[in-house]
Each structure stands twice: as C-alpha cells, then as structure tokens.
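[1] Sequence plus predicted model, see below.
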Amino acid sequence: MKTVKIQILRDDVVADAARTSAFAAGRAADPDAVDRIAADEGALEMLNLFWTEAAAVVAARLRDFIVSVDYALGSFAMVLSLSSAYDDAQSNSLSRDIYSSMVASVTAQWYAMANKPAAPAMQAKADALLEAAAARCTHRRRPQRRGGAA
C-alpha cells in the first residue's frame, strides 16, 4: 500500500471562496450584486463554518482510503492509504482536486444565501471535483513489461 498525505489550509480555501464570490459579484449586471454577493469581512466567520462542512464532506467521500484525518490548527490534513499500484504522478492532481472541491463547496454554500441562482451550478462543480479526486485514488500506473522493450 502507498501512503499519500494531503493538507488543505482553511485560510487559503476561505480566501479563494471570497475571491470567487467577489469576482462573480463584479461581473453581475445587477449594481447591488457587489453588496449582496461578495463575501466581506463579516462573512468570513460564515465561510469558516462552511469550510468545516466541506472538509467533512471530503472525509466522508474518501473514507474508504483515509487512514487519519486532522482538523487542527486551521488545516485539514489527511493520510490516504492507496493501492501499491497507485500512480504517484496523480498526487498533485489529487490534492488540487480536493482543494478546488472545497473552494467550490464553500462558495456554493455562500451562494445558497447570497446568489441563489448560481448555487446549484457551483455545488455541481464541487461534487464533480470530489468525484474526480475519488477516481484518482483508484488510478493505477500503466503496466510495464519487464526485461526490455516490446
């Protein structure tokens, strides 16, 4: 079995979710969108709560692979136990998919309050990214022949 360690920092996820909401608000045709959609300093406490929920969703989806999970000190750290045939080249993409899924999930939960029409699409994106991460956990290296070229 191979062990993969992934750590996602809460502050990074919350900051990217806030940037995403600010970008969406800036592009909206509605002049009141910035006040309504963009996550400001007052919303950060709510985004931190959403981060905890997003981390729990990731842990639940990847529970078959998780050896340990730690939510301490503003980060979400996981140790995954994957097949010995797991392709190590997938680790960076796996980490990025999990991170992006958490950002999309936090943003979707914020949109459920501030930008309801965009919430389902953002949640679908979060779900798709998490499924991609789960698929990467089972991705295996292509078999190599021993003893020379074919």
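    Everything's here; your move.
[2] the strands in this structure, which residues?
    Using DSSP state E, the strands of the chain run over residues 2-9, 66-70, 75-82.
[3] quick one: buried residues of the last one?
    With burial defined by 16 or more other Cβ atoms under 10 Å, the residues of strand 75-82 counted as buried are 76, 77, 78, 80, 82. Glycine gets a C-beta too; all of them are placed from N, C-alpha and C.
[4] With the first one instead?
    Of the residues in strand 2-9, those with enough neighbours to count as buried (16+ other Cβ under 10 Å) are 4, 6, 8.
[5] Surely the first one is in contact with residue 86?
    Pointing back at residue 4 there. Yes: using Cβ atoms under 8 Å, residue 4 is in contact with residue 86, at 7.5 Å.
[6] just the buried residues of strand 75-82: which has the poorest pLDDT?
    Lowest in pLDDT among these is residue 82, which has 93.
[7] Not including adjacent chain positions, what is the nearest residue to that one?
    Distance criterion Cβ to Cβ, 6 or more residues apart in numbering; nearest residue to residue 82, sequence neighbours excluded, is residue 2 at 5.0 Å.
[8] Now do the one you found against residue 67, distance only.
    11 Å (Cβ to Cβ, to the nearest Å).
[9] Many thanks, I have nothing further to ask.
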